[in-house]
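Asks: give me the fold of what follows.
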Amino acid sequence: MENFEELNRAVESVKRVDAHAHNIVALDSTLPFISCFSEFIGAKTASDSPDSVNFQVNLNEICEMYGSSLSLDAVEESRRCLGLEASAAVSFKAARIVILLIDDGIKLDKKLDIKWHEKVVPTVGRILQVEHVAHNIL
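Replies: Numbers count the residues shown, from 1 in each chain. Reported below is the predicted structural model:
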């Protein structure tokens with residue numbers, strides 16, 4: 001059992017790279033916060049359902065991180081009270097993300113530019129997806 005504790009400590013101390021992120025949007029964006037629980041923009045899957053185990057586990061972890069009661073409304077209120085920059089900083093720090101590579105080709109309402117993300121993550125870069133460029137050319 002001691003070996004697993006050592007392994008767990010090692011894993012928990014590793015800094016992380018988010019190698020394919022998307023821009024954070026302003027708090028007053030029309031993009032619903034609940035969509036952050038899915039990897040698919042505009043898509044619905046079984047794991048996106050508020051009744052799914054996956055959704056509940058994620059919600060529980062986020063509530064713990066913000067110190068809010070166990071509800072999506074409480075998390076959203078905590079984010080509004082903290083402000084976007086502080087809540088993003090709390091999230092990235094909790095995830096130990098130190099490098100963020102952003103695919104900014106997706107059209108999002110009130111998305112923040114890559115420069116803004118440098119306020120909350122030490123290193124930020126841009127991913128250029130050829131599909132977005134080709135689509136715009138065509």
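
Asks: local confidence estimate at the residue nearest in space to the middle of the chain?
Replies: Central residue of the chain (Cα atoms, centre = their mean): Cys36, 6.7 Å from the mean position. With respect to pLDDT, Cys36 scores 76.

Asks: how about Ala46?
Replies: Taking Ala46 on its own, its pLDDT is 53.

Asks: in a helix, the residue nearest to the centre of the chain, correct?
Replies: Yes: counting by DSSP: H, G, I helix; E, B strand; the rest coil, Cys36 is part of a helix.

Asks: and it, how far from Leu108?
Replies: As defined by Cβ to Cβ, to the nearest Å, Cys36 lies at a distance of 12 Å from Leu108. Where C-beta positions appear, they are placed from N, C-alpha and C, glycine not excepted.

Asks: poorly predicted segments of this structure, please.
Replies: 1-2, 37-48 (pLDDT under 70).

Asks: ok, 50 please
Replies: Scanning the chain for pLDDT under 50 picks out nothing.

Asks: just the helices in it please.
Replies: 2-13, 53-66, 72-82, 84-95, 114-117, 130-137 (DSSP state H).

Asks: check the offset of the third one from the chain's centre.
Replies: Mean-position distance between helix 72-82 and its chain equals 15 Å (Cα atoms, centre = their mean, to the nearest Å).
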